[in-house]
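**Student:** Below are the sequence and a predicted model; questions follow.
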Amino acid sequence: MILPDDVEFHEDIRLLVYRPCGALNEQSVDKIVSIIGELEAKSQEPFNRFFDTLGHDEVELNFRYVIQISLYRVLSYGDRHPVKSAILATDSTIAHYCQLHAIITQDSPINVRIFQEREDAAKWLGVPIERLASKFATG
């Protein structure tokens, strides 16, 4: 599977990293949900996820869509092995939508947490922070 430039899959640590830019909208969410679904269908082993929302410059979502996509993820993931989904979000609007997603998925094997610091997300996921850093970061 060829991944878009804003998606990486680290096979060695079983981690999907998504760093989108531009608008957070239904199209961008549908894109990553589709990629996750394809990877889940092809993979026998569970994998954690890290979403870096800091590249988003606007939000074009609504609560109905977030509820629908969250319920879809719960139902499509089923009773597979638990996974962690860490979301780096400092924008209050994005954080609210992510919190809604976390609430809807809380009784499923998809464990969602929102972080304001990349270091905290890396610790929770149990991965080196370098794996979560942007490819374009300097220093």
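**Tutor:** The structure has been received and is ready for your questions.
**Student:** Give me the residues contacting the longest helix along the chain.
**Tutor:** Ranked by residue count, the top helix of the chain under DSSP state H comes out as helix 26-42. If you take CB atoms under 8 Å, 6 or more residues apart in numbering as the criterion, helix 26-42 is touched by 1, 3-4, 7, 9, 16, 18, 20, 22, 47, 49, 51, 60-61, 65, 69, 72-73, 76-77, 80. For the C-beta atoms, the positions are set from N, CA and C on the backbone; glycine is no exception.
**Student:** buried ones in it?
**Tutor:** Ser28, Val29, Lys31, Ile32, Ile35, Ile36, Leu39, Glu40 (16 or more other CB atoms under 10 Å).
**Student:** what angle sits between the helix or strand following that helix and helix 26-42?
**Tutor:** Next along the chain after helix 26-42, taking DSSP states H and E as the criterion, comes strand 48-52. Interaxial angle, strand 48-52 versus helix 26-42 (axes from the mean of the first three to the mean of the last three CA atoms, to 10 degrees): 160 degrees.
**Student:** Can you list the strands that strand 48-52 pairs with?
**Tutor:** strand 15-18 (parallel), strand 83-88 (parallel) (DSSP bridges).
**Student:** so where's the chain uncertain?
**Tutor:** Within the chain, the ranges that satisfy pLDDT under 70 run 135-139.
**Student:** Could you pull out the strands in it for me?
**Tutor:** With strands called from DSSP state E, the chain shows them at 7-10, 15-18, 22-25, 48-52, 56-60, 83-88, 110-115.
**Student:** got these as TSV, with mean neighbour count columns?
**Tutor:** Converted to TSV, the strands of the chain look like this (neighbours: other CB atoms under 10 Å):
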stretch	mean neighbour count
strand 7-10	16
strand 15-18	21
strand 22-25	16
strand 48-52	22
strand 56-60	14
strand 83-88	22
strand 110-115	19
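**Student:** Dump those to TSV, plus distance to Ile103.
**Tutor:** Formatted as TSV, these follow (distance: least, CB to CB, whole Å):
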stretch	distance to Ile103
strand 7-10	25
strand 15-18	21
strand 22-25	18
strand 48-52	16
strand 56-60	18
strand 83-88	13
strand 110-115	9
